[in-house]
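J.: sequence and predicted model, in that order:
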Amino acid sequence: MPKQNIYDNQTFFEGYKKIRENEDNANNIFEMPALFSLLPELNGKKILDLGCGFGEHCVQYVQMGAEKVVGIDISEKMLRTATEENSDPKIKYINMPMEDIDKLDEKFDVVISSLAFHYVEDFSGVVKNIYSLLNDGGVFVFSQEHPLNTCHTGGDRWTRDENGNKVHLNLKNYCIEKENESSWFVDDVKKYHRMFSTIVNTLIESGFFVEKMIEPTPDEDIIKKYPKYKDLCHKPDFLVIKAVKR
């Protein structure tokens with residue numbers, strides 16, 4: 001079965017690119033700071049970036065001292081932008097679904113992935129391949145949509161008061177792990193819901209030691225500057241995990 005490649009849909013691609021161009025997007029304010037806070041020292045390291053997208057992170061890894069960065073993405077449109085805007089002699093971009101990384105014939109010190117695993121059906125298979133590609137003591141850091149988000153299957157996420165203010169999150173089917181389809185720029189965007197315990201246990205069963213987890217939430221300063229993110233006090237948007245190969 002062909003892998004989902006929603007980012008090569010022109011409507012989706014343009015909508016996503018427009019969001020990322022806004023400085024106050026949730027990725028910049030919450031996900032990226034959490035992800036980068038979990039990274040080890042990158043000086044002289046070989047990095048594999050899964051779902052590298054536009055390649056901005058790959059350039060940052062080089063600036064942080066990485067010896068080599070391999071960026072993998074299934075989207076030709078994303079990699080075209082990465083090649084045009086974020087090239088470097090130390091970066092190699094490969095058009096490949098992350099489910100096929102077992103075809104890579106090299107080892108890495110650090111594997112990183114930003115907001116890609118909720119699009120992957122065979123999470124366990126990819127984690128096992130990552131473990132095999134890492135050198136002993138290698139580090140795996142990734143973020144994904146929080147399971148409280150991926151279980152959403154339609155309707156309003158929130159119960160609101162008479163003024164339309166969000167009172168609490170509407171949660172259902174959290175314990176049913178399956179493929180969900182949602183509308184985001186286009187219809188039928190496939191995301192895979194896994195419970196928090198499944199994500200963590202998959203890492204452990206594959207041989208990883210889970211070192212730290214972050215569920216980024218806004219502090220008072222962020223809420224004051226960006227009031228629209230007050231609803232993240234009810235539930236986090238992202239889950240960020242650092243695991244180490246034993």
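T.: Good, I have the coordinates.
J.: can you show me the helices along this protein?
T.: In chain order, the chain shows helices spanning 10-21, 26, 32-37, 56-63, 76-85, 123-133, 147-150, 196-205, 220-225, with DSSP state H as the criterion.
J.: residues contacting the shortest one, please?
T.: Meaning helix 26. If you take CB atoms under 8 Å, 6 or more residues apart in numbering as the criterion, helix 26 is touched by 229, 237-238. For every residue, glycine as well, the C-beta is placed using N, CA and C.
J.: top of those by neighbour count?
T.: Ranked by neighbour count under the definition other CB atoms under 10 Å, these are headed by Phe238 with 23 neighbours.
J.: who does it form a beta bridge with?
T.: Each beta-bridge partner of Phe238 is listed here: Glu145, as defined by DSSP bridges.
J.: right, and it touches Pro147 too?
T.: No. With contact defined as CB atoms under 8 Å, Phe238 does not reach Pro147; the gap is 10.6 Å.
J.: how far does stretch 220-231 sit from its chain's centre?
T.: Put simply, stretch 220-231 sits 23 Å off its chain's centre (CA atoms, centre = their mean, to the nearest Å).
J.: same thing with stretch 110-128?
T.: Here stretch 110-128 is found 8 Å from its chain centre; the criterion is CA atoms, centre = their mean.
J.: before we move on, back to that, dump the helices of the chain to CSV, plus mean neighbour count and distance to Ile47.
T.: Shown next, in CSV, are those (neighbours: other CB atoms under 10 Å; distance: least, CB to CB, whole Å):
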stretch, mean neighbour count, distance to Ile47
helix 10-21, 13, 21
helix 26, 18, 24
helix 32-37, 18, 13
helix 56-63, 19, 5
helix 76-85, 17, 14
helix 123-133, 19, 11
helix 147-150, 20, 26
helix 196-205, 15, 19
helix 220-225, 11, 29
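J.: nearest to Lys178, out of the ones you listed?
T.: Nearest of those to Lys178, taken as CB to CB: helix 147-150 at 9.9 Å.
J.: could you dump that closest one to CSV, C-alpha only?
T.: C-alpha atoms of helix 147-150 as CSV (Å, rounded to 0.1, in the frame of the first residue of the first chain):
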residue,chain,number,x,y,z
PRO,A,147,-2.4,11.6,21.8
LEU,A,148,-5.1,13.8,23.3
ASN,A,149,-5.2,15.4,19.8
THR,A,150,-4.8,12.3,17.6
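J.: returning to what we had before: lowest-confidence entry in the contacts of helix 26?
T.: Summarising pLDDT for the contacts of helix 26: the lowest-scoring member is Tyr229, with 90.
J.: what pLDDT is listed against the residue lying closest to that residue once chain neighbours are set aside?
T.: Leaving out its chain neighbours, the residue that sits closest to Tyr229 by CB to CB, 6 or more residues apart in numbering is Pro218, at 4.8 Å. With respect to pLDDT, Pro218 has a value of 94.
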